[in-house]
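**Student:** Sequence first, then the predicted structure:
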Amino acid sequence: MTHYDLVIIGTGSGNTIVNRRFADWKVAIVERGTFGGTCLNVGCIPTKMFVHAADVAATPSVSSRYGVDEQLLGVRWTDVRDRIFGRIDPIAEGGSEYRHHNPDNANVRVYDGTGRFTGFKELTVDGKDGSTSVFSADRFVIATGSRPIVPPIPGLEETGYHTSNTIMRLEELPRRMAIIGGGFVAAEFAHVFASFGVEVTIVLRSNELLRLEDGEISARYTEIARDKYDVRLNHETVRVERRDDGSILLGMLNPDGADELIVDELLVAVGREPNSDLLNLDATGVEVDREGRVVVDAYQQTTVDGIYALGDVTSPLQLKHVANHEARVVKHNLLNPDDRIEADHRFVPHAVFSAPQIASVGLTEEQAKERGIPYVKAVQRYADIAYGWAMEDTTGFAKVLADPKSGQIIGCHVIGPQAPTVIQPVIQAMSFGLDAYTMARGQYWIHPAMPEVIENALLKLDLDPER
Ligand SMILES: Cc1cc2nc3c(=O)[nH]c(=O)nc-3n(C[C@H](O)[C@H](O)[C@H](O)COP(=O)(O)OP(=O)(O)OC[C@H]3O[C@@H](n4cnc5c(N)ncnc54)[C@H](O)[C@@H]3O)c2cc1C
Ligand SMILES: NC(=O)c1ccc[n+]([C@@H]2O[C@H](COP(=O)([O-])OP(=O)(O)OC[C@H]3O[C@@H](n4cnc5c(N)ncnc54)[C@H](O)[C@@H]3O)[C@@H](O)[C@H]2O)c1
């Protein structure tokens, strides 16, 4: 049986581990799908390329507030789509080609197929070409990501539906689209398709969109979304069927009774589950938790010595920057087994590229309350800073929570233009222990740029003068 020094299963962030420092290792990489994983092929990168096109398409609807009258003449969907995938698909192919054939990878063998453990540190790969390969290794990295959850709604399978994996490759724009779910994917695709002229209906069970955000952010986003889209809160989808004219009917229940909706396309966006079940992890002794996530310690090592895991298959934070960080930790620990480092999950930010954009780091106000953590808070509206005037923004704000005594920032939540960029200095301050006052007054803030929304929020904090 072939024996490797290292086997990587999954080519999302897992693929970033192997470089020249592993030149004298015998390495295998296993991939069942498209090389490059979720972020490149069906996640962050294409979605944000669509989001930018949507931002452009949405501009004429607001430009008159600046005294500029514009008209959207049309959205050439296939041109939008083909520009995006015309750029991305070759990158995935190039990545695969590089690993398969480039002399840099003379020590690397790529297996195109699905890996599953068939013994202790023994993997069997069912190849896409029908072959079966069995090999062993000293070390493994499980980096198999996650996949969209498909809820057991009667009629869903027979009717057909899209997930984030397929919706970006539609042949044409539908007239009407329903999105089941009220999280990241729902918020981003609602913006994309509504900006392109599709009538979007969001159907969700809870009474708020993006309900895991800070309460004031979810409430503001929900209010804005209800103005733009048909949002059916507190609606449980209980059946789906295809009608004779090809349209799709959703049967829903809400506290007032039954409700129906007819659309042309259906996007299911109710979360993602870890790809741990395909791996037969019992065979090698790797444990998973109740949600199916691979259990790891602070070094990203699983319950088996020498088997590491990273990214969506192990983390409740299904974000590319988390997967990338964990990949760097795993790489270091593989190369330096006697001097391992721990992953740092203290201040993991996230952003939703919806309209408006949202970004967040640290505790929400609700979490601070629940945990009994003392805090002071300040809110700064975009409407009251110079660039907010320029944009005529009326709904955006930045909210900062800080420890009243030390001034350390414990959370920051932003809804409004450039939120994912505006929040970055706060992530830096939290990561390096800079207190709110020093952060605000210890540096220049470019005037009149958007980060002034953060500067002003920091200055409004009612911190203990003795700190
Ligand atoms: C629509 C969408 C938008 C997103 N936008 C953002 C964003 O803006 N910012 C952000 O931070 N995050 C975003 N994410 C999340 C981000 O894409 C993921 O957190 C990240 O890609 C996870 O990386 P990973 O390496 O853990 O897994 P993946 O990139 O999913 O890689 C796992 C790979 O393993 C392969 N695989 C699985 N099982 C096996 C097996 N048994 N054998 C062989 N191969 C296997 C899969 O085919 C896949 O290629 C988005 C996700 C989605 C779906
Ligand atoms: N900008 C980004 O970073 C970005 C963008 C897209 C996706 N992602 C990642 O991908 C993950 C998946 O995104 P998502 O939007 O699918 O999940 P999500 O967890 O963000 O939201 C899921 C939504 O579906 C609802 N829901 C759950 N089960 C349901 C059911 N049976 N019926 C109806 N509604 C149900 C939940 O209440 C929630 O509103 C995100 O959690 C995030 O980590 C990140």
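**Tutor:** Sure, I can see it. Numbering: from 1, shown residues only. Ligands and ions are numbered 1, 2, ... in the order given.
**Student:** What parts of this structure come near ligand 2?
**Tutor:** 151, 180-186, 188, 204-206, 269-272, 318-319, 350-353 (Cβ under 6 Å from any ligand atom). Where you see a C-beta, it was placed from the backbone N, CA and C, and this is true even at glycine.
**Student:** OK, contacts around the residue of the stretch 301-450 of the chain found nearest ligand 2?
**Tutor:** Residue nearest to ligand 2 within the stretch 301-450 of the chain: residue 318 (3.3 Å; Cβ to the nearest ligand atom). Neighbour list for residue 318: 146, 272, 312 [criterion: Cβ atoms under 8 Å, 6 or more residues apart in numbering].
**Student:** Please name the nearest non-neighbouring residue to it.
**Tutor:** Distances taken as Cβ to Cβ, 6 or more residues apart in numbering put residue 312 closest to residue 318, at 4.6 Å, once the chain neighbours are dropped.
**Student:** With residue 433 instead?
**Tutor:** With Cβ to Cβ, 6+ apart, the residue lying closest to residue 433 is residue 408, at 6.9 Å.
**Student:** Could you tell me the per-residue confidence at the residue nearest to residue 318?
**Tutor:** Looking at residue 312, its pLDDT reads 98.
**Student:** That one in helix, strand or coil?
**Tutor:** helix (DSSP: H, G, I helix; E, B strand; the rest coil).
**Student:** that older thread, adding distance to residue 117 and neighbour count as columns, could you present the contacts of residue 318 in CSV?
**Tutor:** CSV is the format used below for those (distance: Cβ to Cβ, whole Å; neighbours: other Cβ atoms under 10 Å):
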residue, distance to residue 117, neighbour count
146, 19, 21
272, 22, 20
312, 19, 30
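**Student:** From those, pick the one nearest ligand 1.
**Tutor:** The closest of those, once distances to ligand 1 are taken by Cβ to the nearest ligand atom, is residue 312, at 3.9 Å.
**Student:** Would you quantify the distance from that closest one to residue 285?
**Tutor:** Distance, residue 312 to residue 285, using Cβ to Cβ, to the nearest Å: 22 Å.
**Student:** go on, residue 270?
**Tutor:** Residue 270 is 32 Å from residue 285, by Cβ to Cβ.
**Student:** Ok, residue 402 next?
**Tutor:** 45 Å.
**Student:** Show me which of the two is the more surrounded one.
**Tutor:** Neighbours per residue (other Cβ atoms under 10 Å) separate residue 402 from residue 285, with residue 402 holding more: 28 against 14.
**Student:** who are the neighbours in contact with the more buried one?
**Tutor:** 375-377, 408-410, 435-436, 461, 463.
**Student:** So which of the residues you listed reach ligand 1?
**Tutor:** Okay, of the contacts of residue 402, nothing touches ligand 1 (Cβ under 6 Å from any ligand atom).
**Student:** and the two most separated of the residues you listed?
**Tutor:** Maximum pairwise distance among the contacts of residue 402 (Cβ to Cβ): 15.3 Å, between 377 and 435.
**Student:** which stretches of the stretch 301-450 of the chain form helices?
**Tutor:** 320-335, 365-370, 386-391, 419-422, 424-432, 436-441 (DSSP state H, counting those that start in this stretch).
**Student:** Output those in JSON lines; the columns should cover mean neighbour count.
**Tutor:** Listed next are these as JSON lines, based on neighbours: other Cβ atoms under 10 Å:
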{"stretch": "helix 320-335", "mean neighbour count": "20"}
{"stretch": "helix 365-370", "mean neighbour count": "14"}
{"stretch": "helix 386-391", "mean neighbour count": "16"}
{"stretch": "helix 419-422", "mean neighbour count": "20"}
{"stretch": "helix 424-432", "mean neighbour count": "17"}
{"stretch": "helix 436-441", "mean neighbour count": "19"}
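**Student:** What residues does the stretch 201-350 of the chain have near ligand 1?
**Tutor:** Counting by Cβ under 6 Å from any ligand atom, the stretch 201-350 of the chain sits next to ligand 1 at 275, 278-279, 311-313, 318-321, 323.
**Student:** now the helices for the stretch 1-150 of the chain?
**Tutor:** Counting by DSSP H, counting those that start in this stretch, the helices of the stretch 1-150 of the chain are 37-42, 44-58, 60-63, 77-101.
**Student:** Tell me which of those helices approaches ligand 1 most closely.
**Tutor:** Ligand 1 sits nearest to helix 37-42 of all the helices of the stretch 1-150 of the chain, at 2.4 Å, using Cβ to the nearest ligand atom.
**Student:** Does residue 462 touch residue 378 like I think?
**Tutor:** Yes: counting by Cβ atoms under 8 Å, residue 462 does reach residue 378; the two are 7.5 Å apart.
**Student:** Settle it for me: which of those two has more neighbours?
**Tutor:** For the pair residue 462 and residue 378, the greater number of neighbours falls to residue 378 (18 against 10), based on other Cβ under 10 Å.
**Student:** Which pLDDT value belongs to the more buried one?
**Tutor:** pLDDT, residue 378: 98.
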